[in-house]
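Colleague: A predicted structure for the sequence below; I have some questions about it.
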Amino acid sequence: DGGITQSPKYLFRKEGQNVTLSCEQNLNHDAMYWYRQDPGQGLRLIYYSQIVNDFQKGDIAEGYSVSREKKESFPLTVTSAQKNPTAFYLCASRPSAGRNNSPLHFGNGTRLTVT
Amino acid sequence: KQEVTQIPAALSVPEGENLVLNCSFTDSAIYNLQWFRQDPGKGLTSLLLIQSSQREQTSGRLNASLDKSSGRSTLYIAASQPGDSATYLCAVKEDNDMRFGAGTRLTVKP
């Protein structure tokens, strides 16, 4: 079955440590996205990538970094510079960023808790 | 900057009732609008996508409408069931991003 796999489902880290969240898709999609979800708020875009080896900052990129070395993989690193990292992180993809008629597909998310 | 609002934040109905969820957006220059369902602790599942040139889309007991000029969309759920209990989110597509509402948490009581 085609889909988006995020791992791990739950992640616990101590303050000051960097942590990397995995996102893999086998849908052959060009565009991939990272969102953050906090209670009572809409999803907010952290980073997105339209093609391999290219990515752009979203609305809340500070304290985060990404890479896109392979089409199917878009890992997100939450650095110690992120002031409030505890949240639910969602990875998404669509066939192409330019195809406005294509729906967005989501993984099942990673819940990160930093203490 | 585009703002997407969903009211109410929470809704509780008895099983079998027909219901409408609302979504409003401030900038009508959108490519499409997508409705999602989210179960607790899970990702988002796409329900319906309406292109900017369309007025509505239907899938089973779900019907979504779009009125771009007034900045509104509705999701109609017919004959609600306890399994419909979830959070429903709408999102509008702009150039490089989608803007999401905070969602409506629906509870359907048996």
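Modeller: Yep, it's here.
Colleague: which SSE is residue 46 in?
Modeller: You didn't pick a chain, so chain A it is. Per DSSP states H and E, residue A:46 falls inside strand A:44-49.
Colleague: let's do chain B instead
Modeller: Using DSSP H and E, residue B:46 falls in strand B:44-51.
Colleague: List the buried residues of the next helix or strand after that strand.
Modeller: Per DSSP H and E, the first helix or strand lying C-terminal to strand B:44-51 is strand B:56-59. By neighbour count with 16 or more other Cβ atoms under 10 Å in any protein chain shown, strand B:56-59 contains the buried residues residue B:57. In short, each C-beta sits where N, CA and C put it, glycine included.
Colleague: Only C-alpha atoms, please: export strand B:56-59 in CSV.
Modeller: Output of strand B:56-59 as CSV, limited to C-alpha atoms (Å, rounded to 0.1, in the frame of the first residue of the first chain):
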residue,chain,number,x,y,z
GLU,B,56,-19.8,21.3,-4.4
GLN,B,57,-18.5,17.7,-4.0
THR,B,58,-20.2,14.6,-2.7
SER,B,59,-18.9,11.4,-1.2
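Colleague: The strand holding residue A:46 pairs with which strands, and in what direction?
Modeller: Applying DSSP bridges to the sheet, strand A:44-49 is found paired with strand A:31-37 (antiparallel), strand A:56-57 (antiparallel).
Colleague: is whichever helix or strand comes after the shortest one anywhere near chain B?
Modeller: The reference is to strand A:56-57. Scanning forward in sequence from strand A:56-57 by DSSP H and E, the next helix or strand is strand A:64-66. No - on the criterion Cβ under 8 Å from any Cβ of the partner chain, strand A:64-66 is out of touch with chain B, staying 15.0 Å away.
Colleague: what does the helix or strand following strand A:64-66 contact?
Modeller: Downstream of strand A:64-66, the next assigned helix or strand under DSSP H and E is strand A:76-78. Contacts to strand A:76-78, defined as Cβ atoms under 8 Å, 6 or more residues apart in numbering or on different chains, come from residues A:18-21, A:23, A:34, A:46-47, A:63-66, A:85, A:89, A:91, A:112, A:114.
Colleague: Whichever of these end up buried, select them in ChimeraX.
Modeller: Selection of buried members from the contacts of strand A:76-78 for ChimeraX, criterion 16+ other Cβ under 10 Å:
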select /A:19,21,23,34,46,47,64,65,66,85,89,91,112,114
